[in-house]
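Asks: Could you look at this predicted model? Sequence included:
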Amino acid sequence: MLYYNSHNNHLANNLRKNMTKEERHLWYDFLRNYPIKFYRQKQIGNYIADFYCHKAKLIIELDGSQHYEKDNQHADKKRSAYFNRYNLYVMRFSNLDIHQHFSEVCISIDEYIKNNNPSDGFAASSPTGEP
């Protein structure tokens with residue numbers, strides 16, 4: 001079980017209730033019905049991951065424009081390094097990727113999971129959320 005800071009409970013709940021447009025799109029149109037369970041706004045240590053899949057040891061982060069600032073890039077590297085210490089793989093996508101390349105984002109997530117969990121033998125939904 002992963003450690004988390006219980007002081008972030010309220011923040012995580014608030015983030016789940018107030019997802020960004022891009023987070024809602026990825027969640028409702030792909031991850032929510034994915035054959036392997038994903039969690040949204042999952043607390044891990046002192047951080048809150050946008051999306052987390054325990055079985056695949058995968059974190060998905062969606063980055064808005066603020067992530068292109070130098071200080072935030074450093075913070076993102078530190079955050080990813082923390083997750084990596086727990087053998088969690090971090091996939092980062094920009095909000096622009098969600099808007100302009102949604103199918104490719106979904107395919108990338110699906111391929112990562114299938115390539116790193118080959119013994120599971122599940123059939124993932126299509127990138128558009130259709131079976």
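Replies: Nice, thanks for sending it over.

Asks: and the most centrally placed residue in the chain, what helix or strand is that in?
Replies: The central residue of the chain, meaning the one whose C-alpha is nearest the mean C-alpha position (C-alpha atoms, centre = their mean), is Ile60 at 2.0 Å. Ile60 belongs to strand 58-63 when elements are defined using DSSP states H and E.

Asks: What are the contacting residues of that strand?
Replies: Under the criterion C-beta atoms under 8 Å, 6 or more residues apart in numbering, residues 20, 22-23, 26, 31, 38, 44, 49-53, 76, 83, 88-95, 98, 109, 112-113, 116 lie in contact with strand 58-63. To be clear about C-beta, it is placed using only N, CA and C from the backbone, and glycine gets the same treatment.

Asks: Next: stretch 22-29.
Replies: The set of residues external to stretch 22-29 that reach it, using C-beta under 8 Å, 6+ apart, is 19, 38, 40, 50-51, 60, 62, 64, 95, 98-99, 102, 105-106, 128-129.

Asks: May I ask which helix or strand of this protein has the lowest mean pLDDT?
Replies: Taking mean pLDDT, DSSP states H and E as the measure, the chain has helix 9-17 as its least confident helix or strand, at a mean of 75.

Asks: The next helix or strand after that one - what's its average pLDDT?
Replies: Sequence-wise, the next helix or strand downstream of helix 9-17 (DSSP H and E) is helix 21-26. Taken as a whole, helix 21-26 has a mean pLDDT of 97.

Asks: So which bits of helix 21-26 are buried?
Replies: The neighbour-count criterion (16 or more other C-beta atoms under 10 Å) identifies Glu22, Glu23, His25, Leu26 as the buried residues of helix 21-26.
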